[in-house]
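Peer 1: Sequence unavailable; structure follows:
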């Protein structure tokens, strides 16, 4: 396994990245501290895929283990669902010396972290992400929370895990749509921080689909590429989080594509577009805004859209109101002193945070992507 360190003083932790390494999870928990028992929070599908293997590893390390299941999907990332998890933890006798394991995608990670941060004023937990989106983004950095009907992730807290444990083999069980939604965040890292990484994605795009998992020869090559992609993505996010844990400055660059992307998710009730699909559209919008503001050259803006198109991510919307998107932006968490914050590229590998984007320019770009 390779290891990436998130440097946050006394809250520092490691991200372990490997292939076929779930059997080592129990020993990793044991090395992190002494706990009374372990409780896994997951969903039915992920439990069917990995639950037995993870429970066996934890038991082999000498722990009693229980499992709490919640429903799949963003619609379950709510305060009422968190309350149900609290009820189950009380029923299972969870105390301050209980260790929680978040096993699943971003929804499981967000709500598990929120529960861990608030149950008995905070218990230890680990993120074991099983989707690409959660492996490269959601599991790293300590953002936890639940959604509110008026906006995504409006209720939450920064609470760091004890460690993050990644097995890239889990990517081979994802449907194409899930793989694509994570790729949007991967592409984001190249745009905000590393032109060479963006070029690597352009050069290896033929590996970045589920067809590459169908034959043994292409599977081996694809997993090698995915190990590089996940490790590099984690390094970039860890470096940013280490410098700005609570998103007061630099960490805001991780929101590239998210300003408009979150508005699209909210207005479509998290059903029409996955998070990554909405972010992909948001990245195209941000690149276009930067182009019109003469911050980004036309060629670079085109490269961003071309790679998203090539990988099958959406770059247009259907039947959405530009006016409603702009209205939704007004309650976004990224608002500062009444001004919308946009992360805009100056070239691939470098972005700036701007709060001076004219509304008429936002409307123009939204019209270009198909808004009414």
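Peer 2: Structure's in. What do you need? Keep in mind that this is a model prediction, so the values were computed, not measured.

Peer 1: in the chain, what residue sits furthest out from the centroid?
Peer 2: Distance from the centre of the chain peaks at residue 62, with 31.4 Å (CA atoms, centre = their mean).

Peer 1: any idea which helix or strand carries the residue lying closest to that residue once chain neighbours are set aside?
Peer 2: Counting by CB to CB, 6 or more residues apart in numbering, residue 62 lies nearest to residue 30, which is 7.0 Å off, once chain neighbours are set aside. C-beta here means a position set from N, CA and C on the backbone, and glycine is covered the same way. Per DSSP states H and E, residue 30 falls inside helix 25-32.

Peer 1: and if you look at residue 228?
Peer 2: helix 216-243.

Peer 1: Would you mark the buried spots in that helix?
Peer 2: Neighbour counts using 16 or more other CB atoms under 10 Å place 222-223, 225-227, 229-238, 240-242 of helix 216-243 among the buried residues.

Peer 1: re the thing from before, let me know the secondary structure of the residue farthest from the centre of the chain.
Peer 2: What DSSP: H, G, I helix; E, B strand; the rest coil gives for residue 62 is coil.

Peer 1: what's the spacing between it and residue 124?
Peer 2: To residue 124, residue 62 is 17 Å away according to CB to CB, to the nearest Å.

Peer 1: Repeat that for residue 185.
Peer 2: Applying CB to CB, the value for residue 185 to residue 124 is 26 Å.

Peer 1: higher neighbour count, the two?
Peer 2: Taking neighbours as other CB atoms under 10 Å, residue 185 and residue 124 compare with residue 185 leading, 27 against 17.

Peer 1: Make sure the more buried one is actually in contact with residue 277.
Peer 2: No: contact between residue 185 and residue 277 fails when scored by CB atoms under 8 Å: they sit 11.3 Å apart.

Peer 1: Just give the nearest non-adjacent residue to residue 34, would you?
Peer 2: Per CB to CB, 6+ apart, closest to residue 34 is residue 97, 7.7 Å.

Peer 1: State the number of residues packed around the one you found.
Peer 2: Residue 97: 13 neighbours (other CB under 10 Å).

Peer 1: can you give me the helices for the stretch 101-250 of the chain?
Peer 2: 106-118, 132-133, 176-193, 195-203, 216-243 (DSSP state H, counting those that start in this stretch).

Peer 1: out of these, nearest to residue 347?
Peer 2: Closest to residue 347 of the helices of the stretch 101-250 of the chain is helix 195-203 (CB to CB; 7.4 Å).

Peer 1: can you list contacts of that closest one?
Peer 2: In this structure, residues lying in contact with helix 195-203 by CB atoms under 8 Å, 6 or more residues apart in numbering are 186-187, 189-191, 208, 228-229, 232, 236, 303, 307, 347-349.

Peer 1: change it to 6 Å
Peer 2: Under the criterion CB atoms under 6 Å, 6 or more residues apart in numbering, residues 190, 232, 307, 348-349 lie in contact with helix 195-203.

Peer 1: same thing with stretch 285-298?
Peer 2: Contacts of stretch 285-298 (CB under 6 Å, 6+ apart): 257, 260, 301, 304, 344-346, 357, 361, 365.

Peer 1: which of those sit farthest apart?
Peer 2: 260 and 346 (18.6 Å).

Peer 1: who's more crowded, the two?
Peer 2: residue 260 (30 against 14).

Peer 1: That one and residue 10: what is the separation?
Peer 2: For residue 260 relative to residue 10 (CB to CB), the value is 37 Å.

Peer 1: From the chain's centroid, how far away is stretch 78-97?
Peer 2: When C-alpha coordinates are averaged (CA atoms, centre = their mean, to the nearest Å), stretch 78-97 and its chain have centres 24 Å apart.

Peer 1: Give me the buried positions along it.
Peer 2: For stretch 78-97, by 16+ other CB under 10 Å, it's 78, 81-82, 84-85, 88-89, 94.

Peer 1: what comes into contact with it?
Peer 2: Residues from elsewhere that reach stretch 78-97 (CB under 6 Å, 6+ apart): 35-36, 39, 66, 68, 70, 111, 115, 119-120, 123, 146.

Peer 1: Name only those of these that count as buried.
Peer 2: Counted by 16+ other CB under 10 Å, the contacts of stretch 78-97 give 35, 39, 66, 68, 70, 111, 115, 119, 123, 146 as buried.

Peer 1: if we can go back for a sec, and the next helix or strand along the chain from the helix holding residue 228, what's its mean pLDDT?
Peer 2: Next along the chain after helix 216-243, taking DSSP H and E as the criterion, comes helix 258-267. Average pLDDT, helix 258-267: 91.

Peer 1: Using the record's assignment, carve this protein into domains.
Peer 2: 2-173, 177-368 (automatic domain parsing).

Peer 1: what's the average pLDDT for the first one?
Peer 2: Taken as a whole, domain 2-173 has a mean pLDDT of 96.

Peer 1: any idea how far residue 69 lies from residue 350?
Peer 2: Taken as CB to CB, the span from residue 69 to residue 350 is 43 Å.

Peer 1: Those two: which is more packed in?
Peer 2: Neighbour totals were compared for residue 69 and residue 350, and residue 69 leads with 18 against 14 (other CB under 10 Å).

Peer 1: Apart from its chain neighbours, what residue comes closest to the more buried one?
Peer 2: residue 44 (5.6 Å).

Peer 1: what do you get for residue 148?
Peer 2: Excluding its sequence neighbours, the residue lying closest to residue 148 (CB to CB, 6+ apart) is residue 154, at 4.1 Å.

Peer 1: need the contact list for the residue nearest the centre of the chain.
Peer 2: What sits nearest the mean C-alpha location of the chain, by CA atoms, centre = their mean, is residue 138, with 2.9 Å. Taking CB under 6 Å, 6+ apart, we find residue 138 in contact with 106, 109.
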